[in-house]
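>>> build the 3D model from these lines:
(chains A and B)
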Number of protein chains: 2
Amino acid sequence: MIRAEREGGAMGSEILEKFRPLFQPRSIAVIGATDNPFKLGYHALAAVTSTGYQGEVYPVNPNAGETIQGRRAYRSIAELPHGVDLFVYAVPETQVLPTVREAVERGGRAGVIFAGGFRESGEEGRRLQEELVRIADSGGMKLIGPNCIGVLNTRAGVNATFASPLAWFPSGNVSVVSQSGGMGNCILNELMDERVGIAKFVSIGNRANVEFADMVEYLAEDPDTEVICLFIEGLDRGDDFLDRAREAARKKPVIVYNRGFTESSSRTALSHTGSVASSEAVYRGAFAQAGLLQVESASQMACLAKAFSMGGVPRGNGVFMATHTAGPAIAISDICERGGVRFPPLRPDIAEALREFIPRHAVAANPLDLFAFAWTDNALYLRAADLALAQEDIHCAVAVFVTGAGSGPVFPAREYAEIGRRHGKPVFLCLVAPAILSQELEEAQKEGVIAYNTPEKMGEVLVHLNRYLLRGAPAL
Amino acid sequence: MIRAEREGGAMGSEILEKFRPLFQPRSIAVIGATDNPFKLGYHALAAVTSTGYQGEVYPVNPNAGETIQGRRAYRSIAELPHGVDLFVYAVPETQVLPTVREAVERGGRAGVIFAGGFRESGEEGRRLQEELVRIADSGGMKLIGPNCIGVLNTRAGVNATFASPLAWFPSGNVSVVSQSGGMGNCILNELMDERVGIAKFVSIGNRANVEFADMVEYLAEDPDTEVICLFIEGLDRGDDFLDRAREAARKKPVIVYNRGFTESSSRTALSHTGSVASSEAVYRGAFAQAGLLQVESASQMACLAKAFSMGGVPRGNGVFMATHTAGPAIAISDICERGGVRFPPLRPDIAEALREFIPRHAVAANPLDLFAFAWTDNALYLRAADLALAQEDIHCAVAVFVTGAGSGPVFPAREYAEIGRRHGKPVFLCLVAPAILSQELEEAQKEGVIAYNTPEKMGEVLVHLNRYLLRGAPAL
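Predicted coordinates:
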């Protein structure tokens, strides 16, 4: 909190200040907080206190005794001090409007609303949501939701969701905004599997008075965020979004995954996806023009975010790849060559230097197949990468290695990362390993090697990075 | 072993008998076995004995003392009893030909050769491999490799590789034949992550005198194999393969993943993939005509194999989907509708029955969004699936559920599976969960629910199953 507040104060940007009460609240009220573990309000209060949040926490419930979960309980919003930053609404939809009105009157600055039953549920819900926006706007209160799972800021210890387990997610520099809570969960899961830490997570839901455009503008300025990930089902004012997303993409990579592209994120999208294809094509074209990177799955999003997160943008499309096993390297090169990534022929002097030490049957080419020798004699990878990265049209190195799963050789990640740093070029590792046994992958990444556990992930990341370069976006 | 031998004896098929010494050897000699853990021969002997193999094991090394790894050592092949079934060659390439000749003379029936330096390494290697085939064929010895990681038969406790960890892979009904050892590892890893057990694994390597065609014919007859997975980089006699693969695909699902489609699996494929696209297109068309299912990644292969492995072939393309969170369901329906999978409108009587109990804002449609209510009130999934599966044009059910990661509700897998069995229709679960926390997924599968941890995997499996149906292959 201390760090977050200092930064918030020093930056002085209008958009950062506008959303400070949401992401760096000095105080949080949980409306509907309870000791009953079968109610959402129990989990919401537990979540808020799960991350060591140091600000004031006010549990509010008209039926409470003296305390809730050991904290002093408040019977009403009117009892709270004036100007609580963030209100977390763990109440049924029928109680949302009156309690938001009370919070606005009491100087509340931001709100998170979990309940559904608004815009996504038909005409009556749409009317209710319009009324909700009118109330919030009258007091300048920014709302996340309704129909969402809330907001997480790992750097400030804020978990304004109803999910304590989100506190497990490690802190990092990737921020995620998802229209759907479920897809938001998917993306967080994939980031966790890729061992990528998150800065902020926003389940934006029905977008009452906070749109993707606002969040993109905010995250573009947020000093804790270096990569922005968006899962979008629909946009109301697409032009506004594109304008602000274009600005953001000039500052940081913006990765977009979109599905079911209609005006509504509700069941309508489910039933009528057939009618959506054309508007999706239009949006996809516009996204590309705005410099946004589009992916086809939560897994691709996490893999690409990892490369950006670790500073892995090569300066061009030339890759040097070395392997001890042809198949995975063939899969990578298949995907790469279809995506415009190249494996430049080695300079004659480099090929000659390679011939000094590569195995007898190996050919000094790129990709370089070192056969099984390299599995045990890891130094072959290091010497080869060191030579190849000196070549001007080679912009990064990829090593392919099958894990010994604890009973065989281990890839020399520290030395490999060091070679990359010396050449100022990113180094990647395709560590063929099951997801459930990938501590080695995590350890390689701690050294600065950008690692993926399948050739498909590795190949797709290289192709996406090349698309990023072609789009003229600045290298990180 | 007892079970395997009994089956082998009872089946009486020529192809099964031909490869019995490879997959169900009564005895195994490990040439190059040693006590030195820095040598391949150490790991090969350790692997052979890692699975509780009950047949005779003969470690052979001219430099050995009395024992190797506690077993009686043999100084030469000539010392072995006549007619050892399987020879595992953990020797350098230069020693392969002479020791294969000795084994053939001593009545050896099958061999696994790890060493590279043959066909994949140029003209001299190609000549050596031709000589190797001549020697083996003269004695009717079947060779896996050279340049491979060997053979695994989980049902007979045979691990004729140099990788003891392969013994960890659970036994099941999916068999894998991979040209590349590295991609074979990838596929096994993905199967492990999907909690799918394997029957047989063959790293087929350079295909000295055993081709994909042989393995496909064998596995089509093998009673332990219900799903066949192939990773192919190249084929020499494509027509022969297609003939026998077509036959196999009439009996069992055959899933093919191909990459770098050239005649050679070596570095050539890496350097010249650009020239390969056209022959790949030809093969892909032929594969489709032969009824083979083609996938684009090891992950897709494992996911689809799981559905077949668990008997999850619906009788038509109609899916009922229920969710508590729209986003992942939208992703699934996007992928499905593009792949010809349908979500049929519910019959009026079924919709009416649904309206009796679904939440107030929910619409009795397909897909069915039950909102957050269904997360805690799991019975909603059960009642809805029970109603919808009674509809004639609905052939399977999909539930979408975000894991509570141990601190929230758990999907009612047992009851859901029971409903599927009652209707005679497969039931699927998209359990949104990180791969590293998917015990819930494993438990759901033990009950008979076919579960995937991302919407993309779930959607792609449904599309592939629909392609399988359209191809006219028999339902399992």
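
>>> give me the number of residues near residue A:207?
By the criterion of other CB atoms under 10 Å in any protein chain shown, residue A:207 has 25 neighbours. Where C-beta positions appear, they are placed from N, C-alpha and C, glycine not excepted.

>>> and the gap between it and residue A:139?
For residue A:207, the distance to residue A:139 (CB to CB, to the nearest Å) stands at 18 Å.

>>> same question for residue A:440.
Using CB to CB, one gets 53 Å for the distance from residue A:440 to residue A:139.

>>> over to residue A:206?
Residue A:206 is 19 Å from residue A:139, by CB to CB.

>>> ok, the two, which is more surrounded?
Taking neighbours as other CB under 10 Å, residue A:206 and residue A:139 compare with residue A:206 leading, 27 against 15.

>>> pretty sure that one is touching residue A:148, no?
Yes - with contact defined as CB atoms under 8 Å, residue A:206 reaches residue A:148; the gap is 7.3 Å.

>>> and the helix or strand where residue A:192 lies, average pLDDT?
Assigned by DSSP states H and E, residue A:192 falls within helix A:181-193. Helix A:181-193 shows an average pLDDT of 93 in the prediction.

>>> residues in contact with the closest residue to residue A:23 other than its chain neighbours?
Counting by CB to CB, 6 or more residues apart in numbering or on different chains, residue A:23 lies nearest to residue A:153, which is 4.7 Å off, once chain neighbours are set aside. The contact partners of residue A:153, by CB atoms under 8 Å, 6 or more residues apart in numbering or on different chains, come to A:4, A:23, A:24, A:199, A:200.

>>> now do the SS call for the fourth one.
Okay, so that is residue A:199. Assigned with DSSP: H, G, I helix; E, B strand; the rest coil, residue A:199 falls in the strand class.

>>> so it touches residue A:169, yeah?
No - counting by CB under 8 Å, residue A:199 sits too far from residue A:169 to count as a contact (10.5 Å).

>>> joint contacts of the two?
residue A:154.

>>> if you count what's nearby, which of those two comes out ahead?
residue A:199 (25 against 19).

>>> let me see the contact set for the more buried one.
A:153, A:154, A:155, A:171, A:172, A:173, A:174, A:175, A:222, A:224, A:225, A:226.

>>> over to residue A:361?
Applying CB under 8 Å, 6+ apart, we find residue A:361 in contact with A:371, B:116, B:117, B:120, B:121, B:122, B:125.

>>> coming back round to it: who's the residue nearest to residue A:23 bridged to?
residue A:158, residue A:200 (DSSP bridges).

>>> kindly report the same for residue A:175.
Legend: beta-bridge partners of residue A:175 under DSSP bridges are residue A:228.

>>> which element is residue A:18 on?
Assigned by DSSP H and E, residue A:18 falls in helix A:14-23.

>>> just residue A:431 next, same as before
strand A:427-432.

>>> please tell me how far residue A:412 sits from residue A:249.
36 Å.

>>> who has more neighbours, those two?
Neighbour tally, residue A:412 and residue A:249, criterion other CB under 10 Å: the higher count belongs to residue A:249, 24 against 19.

>>> and the more buried one, its phi and psi?
Phi and psi for residue A:249, reported as degrees, to the nearest 10, are phi -70, psi -20.

>>> give me the number of residues near the residue of the stretch 301-450 of chain A found nearest chain B?
Scanning the stretch 301-450 of chain A for the residue nearest chain B gives residue A:327, at 2.2 Å (criterion: CB to the nearest CB). Neighbours of residue A:327 under the rule other CB under 10 Å: 30.

>>> please name the nearest non-neighbouring residue to it.
In space, residue A:327 is closest to residue B:180, 2.2 Å off (CB to CB, 6+ apart).

>>> residues contacting that neighbour?
Contacts of residue B:180 were listed using CB under 8 Å, 6+ apart, and they are A:325, A:326, A:327, A:328, A:330, B:203, B:231, B:233, B:265.

>>> and those residues, which is closest to residue A:194?
Using CB to CB, the shortest approach to residue A:194 within the contacts of residue B:180 belongs to residue A:328, at 17.8 Å.

>>> go ahead and confirm that closest one touches residue A:400.
Yes - assessed by CB under 8 Å, residue A:328 is found in contact with residue A:400 at 5.1 Å.

>>> for residue A:284, see how far away residue A:238 is.
Distance of residue A:238 to residue A:284, given as CB to CB: 12 Å.

>>> over to residue A:426?
Using CB to CB, residue A:426 is found at 28 Å from residue A:284.

>>> for those two, indicate the residue with more neighbours.
For residue A:426 versus residue A:284, neighbours defined as other CB under 10 Å are more numerous around residue A:426 (25 against 15).

>>> would you check that the more buried one makes contact with residue A:309?
No - under the criterion of CB under 8 Å, residue A:426 is not in contact with residue A:309, lying 11.9 Å apart.

>>> ok, and the closest non-adjacent residue to residue A:354?
Nearest residue to residue A:354, sequence neighbours excluded (CB to CB, 6+ apart): residue A:364, at 4.1 Å.

>>> not counting its neighbours along the chain, what's nearest residue A:75?
Excluding its sequence neighbours, the residue lying closest to residue A:75 (CB to CB, 6+ apart) is residue A:62, at 5.3 Å.

>>> thinking that neighbour is in contact with residue A:74, fair?
No - Residue A:62 lies out of contact with residue A:74 (CB under 8 Å); the separation is 9.3 Å.

>>> between the two, which one's more packed in?
In terms of neighbours (other CB under 10 Å), residue A:74 is the more surrounded of residue A:62 and residue A:74; the figures are 21 against 12.

>>> measure the more buried one to residue B:444 for me?
42 Å.

>>> swap in residue A:223?
Residue A:223 sits 42 Å away from residue B:444, going by CB to CB.

>>> cool, and residue A:427?
Distance of residue A:427 to residue B:444, given as CB to CB: 39 Å.

>>> what do you get for residue A:42?
26 Å.

>>> between the two, which is the more surrounded one?
Shown here are residue A:42 and residue B:444; by other CB under 10 Å, residue B:444 has more neighbours (27 against 20).

>>> now do the SS call for that one.
The three-state assignment at residue B:444 reads helix, by three-state DSSP.

>>> what's the pLDDT at it?
Confidence at residue B:444, expressed as pLDDT, is 92.

>>> list the contacts for it?
Residues counted as contacts of residue B:444 (CB under 8 Å, 6+ apart) are B:411, B:413, B:429, B:431, B:451.

>>> tally of neighbours for the second one?
Spelled out, that is residue B:413. Count around residue B:413 with other CB under 10 Å applied: 24.

>>> these two touch, right, it and residue B:450?
No - counting by CB under 8 Å, residue B:413 stays clear of residue B:450, with 10.5 Å between them.

>>> identify the contacts common to the two.
Jointly contacting residue B:413 and residue B:450 under the rule CB under 8 Å, 6+ apart are residue B:429.

>>> residues near the residue lying closest to residue A:163 once chain neighbours are set aside, how many?
Spatial nearest neighbour of residue A:163, excluding adjacent residues (CB to CB, 6+ apart): residue A:47 at 5.8 Å. Under the neighbour criterion other CB under 10 Å, residue A:47 is assigned a count of 26.
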